[in-house]
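Asker: give me coordinates for this.
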Amino acid sequence: RGGGGGGKEATCVANLEGHKTGRTEVMTARACESQTELLAAQGAPSNMKAKLLCLYTGGTMGMKHNSAGMLEPVSGYLTDQIRDILNAHTSEALPDTTVVEYDNLLDSCDMTTDIWKKIAIDIQDNYQSYDGFLVIMGTDTMAYLASALSFMLENLGKTVVITGSQIPFVKTYSDARRNLLSSMTLACSLDIPEVTLFFDDKLHRGNRSRKADSGSFDAFSSPNFPPLATMGLSVQVNKQLLLPQPKARFKVHTMMDFRVVVIKYVPYFDVNALERLATQGSNTCRAIVLELYGTGNGPQNDEKMLRALRTAKENGIVVVITSQCAAGSVLSTTYSINQHLTSIGVVPAGDMTTEATCAKLAYLFGKGLTSDAVALSLTVNLRGEIGAFSQGMAAKL
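Answerer: Predicted coordinates:
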């Protein structure tokens, strides 16, 4: 990898075909004074630029049309676009960037939890060599990865930005260039030790985000938490919202237990399916996440459903209640209709998204905690994923 040059010149090396080929291309970019000042404040030499590792896993941003006129990822294409961007923006605050293109570029719907673990390990292996990290992927499961990584990357002291685009880079009218440029800049220029998600003009906390609009450039929302930063004529950072720098050493936790089932309850719900799942026990399913109405309201006269929930708890399955509403919190003590669920021992998720709830359950079970310990720890804030709701005690993690 090329290092920073003298004065304001620097080099950027991009691996065009991932880890195996070793083929590299040198790109040059010019450091701006603001970034130099930031590095100097961190004790770095004045001529050193920030270093960014970009992990490209697939998704819309790097797609082009195939012979049938359909969009598909093209190896090397996005790396070429990053090279052109750096050449065209020589006076901007762009870091030295290493692009690692995964061998199989995937639609995010095809990204398995093994790919999530690979991303976490790639960050771990390069943690000391880079100042920030960027993950480019498809949008459909982006919020799920952002939530999972927030728990997998323990004591994270650097910024991880996840981004993508609604329209490919190859299109004239596209959000790809803006999202890419902004994410590259933010990943190394702000002291935000978190997993974040950038889209359109907002930098969200990763485990607070969710995809909200499939037809808009402003595709992601953070319904219960303000953006960490907003891009306008300048970058507006909500410093009071940021997590503090960790005091312990960074480490990656990849032992996640994803045996979690999400069920959206509707008026014509077949309770027999829930009963069969509850009867199978925790060897098949460690937790059931029930998306109920409003503030976590569910039927109180459906004895068959209540019996299924009791059976689940007796068989060591943690039952968690989230809301079908886009914003708001599960409030287990507001309505009397909720009390029968609380008496059974279901766990209210507070204002956590379903994405964050599932990731947190997988993390806690992956730590080897018992079902009771997971239930107690779930409502305790670990990564900024839940508001002032804590009613349990976190187990020793």
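
Asker: so where do the helices sit in the stretch 101-250 of the chain?
Answerer: 113-125, 142-152, 176-189 (DSSP state H, counting those that start in this stretch).

Asker: closest to the centroid, which residue in the chain?
Answerer: Centroid-nearest residue in the chain: A146, 0.6 Å away (criterion: CA atoms, centre = their mean).

Asker: which non-adjacent residue is nearest that residue?
Answerer: G206 (3.1 Å; CB to CB, 6 or more residues apart in numbering). Every residue, glycine included, has its C-beta placed from N, CA and C.

Asker: same check, this time on Y293
Answerer: Q324 is the one closest to Y293 (CB to CB, 6+ apart), at 6.1 Å.

Asker: and for D107?
Answerer: Using CB to CB, 6+ apart and skipping the chain neighbours, the partner closest in space to D107 is G138 (5.3 Å).

Asker: quick one: contacts for the residue nearest to A146?
Answerer: G206 makes contact with 143, 146-147, 149-150, 160, 162, 194-197, according to CB atoms under 8 Å, 6 or more residues apart in numbering.

Asker: just the buried residues from these, in ChimeraX please.
Answerer: Of the contacts of G206, the buried ones go into a single ChimeraX selection, burial set by 16 or more other CB atoms under 10 Å:
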select :143,146,147,149,150,160,162,194,195,196,197
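
Asker: between the contacts of G206, which sits nearest G59?
Answerer: Closest approach to G59 among those (CB to CB): I162, at 10.4 Å.

Asker: now do the buried residues in the longest strand belonging to the chain.
Answerer: Identified as the longest strand of the chain according to DSSP state E is strand 96-106. Across strand 96-106, burial judged by 16+ other CB under 10 Å covers 96-102, 105-106.

Asker: how much space between D257 and K118?
Answerer: 18 Å (CB to CB, to the nearest Å).

Asker: R383 too?
Answerer: From R383 to K118 the distance is 21 Å (CB to CB).

Asker: so which of those two has more stuff around it?
Answerer: Set R383 next to K118 and count neighbours by other CB atoms under 10 Å: R383 wins out with 23 against 16.

Asker: which residues touch the residue nearest to the more buried one when sequence neighbours are not counted?
Answerer: The spatially closest residue to R383, leaving aside those adjacent along the chain, is S150, at 4.7 Å (CB to CB, 6+ apart). Residues in contact with S150, defined by CB under 8 Å, 6+ apart, are 194-195, 205-207, 356, 359, 383-385.

Asker: widest-spaced pair of those residues?
Answerer: Pairwise across the contacts of S150, and taking CB to CB, the largest span is found between E194 and A359, at 14.2 Å.

Asker: strands of the stretch 101-250 of the chain, start to end?
Answerer: 132-136, 153-154, 159-163, 195-199, 202-205, 210-211, 220-221, 229-231, 235-237 (DSSP state E, counting those that start in this stretch).

Asker: shouldn't Q300 be within a strand?
Answerer: No. Q300 is assigned coil when assessed by DSSP: H, G, I helix; E, B strand; the rest coil, not a strand.
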